[in-house]
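*Asks:* Here's my sequence, what's the structure:
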Amino acid sequence: MQTSQFREDAKNIIRKCCNANADDAVIFCGSGATSAIHKLIGVLGLGDASIGKSAVVFLGPYEHHSNILPWKETGAKLVRIEEDRKGQVNLQHLETVLEEHSSGSWKMKVGTFSACSNVTGLLVDTIEVTKLLHRYGCLAFWDYAAGAPYLQMDMNPTLEDSTDTSAYKDGLFCSPHKFVGGPGSPGVLIAKKRLFTNEVPHGTGGGTVLFVSKKKYSYSKEIEAREEGGTPGIIEAIRAGIMAFMDASARRGTIISTDDGQSQRMDKALSKAHSLGIMKPGFTRLNLAYFMPDEEVEYILSAVNIVANEGWKLLPQYAYDVEHGSWMHRSDKNVYKLMTLEDITYNYGNTFHMVVKGNINPRSEPKKIQSYSQLMSNAKDVLENAEKTGRQLYPFDEVTMKEYLPANLMPYVWWLEPQHAMLSLNSQTTKSLALMKVNSIPIKPRMHSGPFTANSLTAHKYPQVEQKDTLPGANEAVRPMYESHSPKDVASKDEHIPETPTIHVPDRVADWVNQISSNKSIHMSYYMDTTQ
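*Replies:* Got it, this is the predicted structure:
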């Protein structure tokens, strides 16, 4: 009884944090927002081909695959809304396509948008988009998977014009496992109860029935009970309520203000790294969490600067595995081995204990944690001895990438190879330094640039940046592999790949332009994320 009560308490906490009312159902759904989307699609009946093929779904400009593929598999018509020149949802384009689909035999019209881009961090004006969707009889669903840990989720926002009741959300979904303290939590779906018209629950099982006999059964009329079939995840749900939503709600003001400060601090620190290449999200992800102490943040930013400016000196100490796309230190490549569950044996007797085979012993004393200043000092020592260590570890007869890759793929090897770095360490001549020149990346994405502007829903400032179709300083004679956010225009194999290592951009993206003096030109390598 008590644990069941705690689970209901967790729902009530979530309900309160998201401003859900008596017209809204709160449902826990398995594996994050993805499961919540599948639940929503099932409840709407879009799994039925006759309904799915007569539905149209309007998608935001930067949706995660989890908010695209489930809708696509219903057979519905998908319409992707463009972004405007500031990187926001293009409201004019949205209204145009809504008008185009206002007539016809569409049985259902759905709009599903990310409240926050998980690539740029841009916030969407959920109120204006929702009002526009409702104006054309379209359901408004919001994906908060990326933004939930930081943003206020509001199912029923109150507007200054009290007579305007069109800003309510028909549904929202999120992944509490992305909150601090949330790993292991289930997905959450909050949706208007009037949408649950399905006679058969989506995911029937234990707990969904009110009455059952050998020949007859009757499903529960209680929406939250009938849509959570099977044994519920008690601990996971409780964690979602108290560790994720309650904590985030209490800290939201602190999170926003701290994130703003961290962003400015990062921009200022990275402006000193003149060799830093901005490529794309996904290569190396760096997050400065709001709960990090100042000393840790300073250490991370200093480390990024050191790696950007001097990290190339360590390349000879690493071997590249072409097959797996990974780098490994030459002295450690035969030492490190991932532990498996089969390495564990259990000794049963009067006492129970676990024995781990191999060199890893969970009972061994932990190493003393060094201070950040000591770690930084160690890093500088490593860099000072980079040439000597490189000569000891680097086999000069090692084959190059050319031995691993077909000739037609070599133009795409834009990164610096260890042998070039070793030659430069051995001889600081112009010729050897020239060997460090790398091919530019074969992608030229469209770019957003411009000053910060205030979001209409918050008193804080977020990057809403203007988009330019041509990169400043780009060589117009060079035809890039991709021209847009969509990987559809692939260059032919005979197409020239530019040899210049970087695109010279006078200013950083967003308001970095305000933080870098005019004599600090920044060399940036852009790499488009085609997999978000």
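*Asks:* If I look at residue 495, what pLDDT would I see?
*Replies:* Note on residue 495: pLDDT of 34.
*Asks:* cool, the one 5 residues further on as well?
*Replies:* Per-residue pLDDT puts residue 500 at 31.
*Asks:* Please apply the same query to residue 69.
*Replies:* If you check residue 69, the pLDDT there is 96.
*Asks:* what does the one 3 residues further on give?
*Replies:* Turning to residue 72, the model gives it a pLDDT of 96.
*Asks:* The spatially closest residue to it that is not a sequence neighbour: neighbour count?
*Replies:* Distance criterion C-beta to C-beta, 6 or more residues apart in numbering; nearest residue to residue 72, sequence neighbours excluded, is residue 78 at 6.0 Å. C-betas here are computed from N, CA, C, even on glycine. Residues contacting residue 78 under the criterion other C-beta atoms under 10 Å number 16.
*Asks:* Do I have it right that residue 78 meets residue 70?
*Replies:* No: between residue 78 and residue 70 there is no contact under C-beta atoms under 8 Å: 11.1 Å.
*Asks:* how close does the residue lying closest to residue 10 once chain neighbours are set aside get to residue 178?
*Replies:* Spatial nearest neighbour of residue 10, chain neighbours left out: residue 241 (2.5 Å); criterion: C-beta to C-beta, 6+ apart. From residue 241 across to residue 178, the span is 15 Å (C-beta to C-beta, to the nearest Å).
*Asks:* mind checking which helix or strand residue 111 is in?
*Replies:* Assigned by DSSP states H and E, residue 111 belongs to strand 108-114.
*Asks:* mind exporting that strand as PDB, just the C-alpha atoms?
*Replies:* The C-alpha trace of strand 108-114 is given here as PDB (Å, rounded to 0.1, in the frame of the first residue of the first chain):
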ATOM      1  CA  MET A 108      -6.700  13.600 -38.100                       C
ATOM      2  CA  LYS A 109      -4.200  16.500 -38.100                       C
ATOM      3  CA  VAL A 110      -1.300  16.400 -35.700                       C
ATOM      4  CA  GLY A 111       1.500  18.800 -34.900                       C
ATOM      5  CA  THR A 112       4.500  17.400 -33.000                       C
ATOM      6  CA  PHE A 113       7.400  19.700 -32.200                       C
ATOM      7  CA  SER A 114      10.500  19.700 -30.000                       C
END
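*Asks:* Which other helices and strands does the helix or strand following it contact?
*Replies:* Next helix or strand after strand 108-114 toward the C-terminus (DSSP H and E): helix 126-135. Applying 3 or more C-beta pairs under 8 Å, 6 or more residues apart in numbering; DSSP states H and E, one finds that helix 126-135 contacts helix 91-100, strand 108-114, strand 139-143.
*Asks:* Can you give me the neighbour number for residue 101?
*Replies:* Neighbours of residue 101 (other C-beta under 10 Å): 17.
*Asks:* Could you pull up phi and psi at it?
*Replies:* Main-chain dihedrals, residue 101, degrees, to the nearest 10: phi -110, psi 20.
*Asks:* Check the residue lying closest to it once chain neighbours are set aside and give its pLDDT.
*Replies:* Nearest residue to residue 101, sequence neighbours excluded (C-beta to C-beta, 6+ apart): residue 56, at 5.3 Å. You'll see residue 56 listed with a pLDDT of 97.
*Asks:* what does residue 120 give?
*Replies:* At residue 120, the model reports a pLDDT of 79.
*Asks:* Neighbour count for residue 241 and residue 178, which is higher?
*Replies:* Taking other C-beta under 10 Å, residue 241 and residue 178 do not tie; residue 241 has more neighbours (26 against 20).
*Asks:* Make sure that one is actually in contact with residue 14.
*Replies:* Yes: counting by C-beta under 8 Å, residue 14 is a contact partner of residue 241 at 5.9 Å.
*Asks:* related to what we said a few turns ago, let's verify the residue nearest to residue 101: helix, strand, or coil?
*Replies:* Under DSSP: H, G, I helix; E, B strand; the rest coil, residue 56 falls in the strand class.
*Asks:* Could you give the bridge partners of it?
*Replies:* Beta bridges link residue 56 to residue 77, residue 109 when assigned by DSSP bridges.
*Asks:* tally of neighbours for it?
*Replies:* Applying other C-beta under 10 Å, we find 20 residues neighbouring residue 56.
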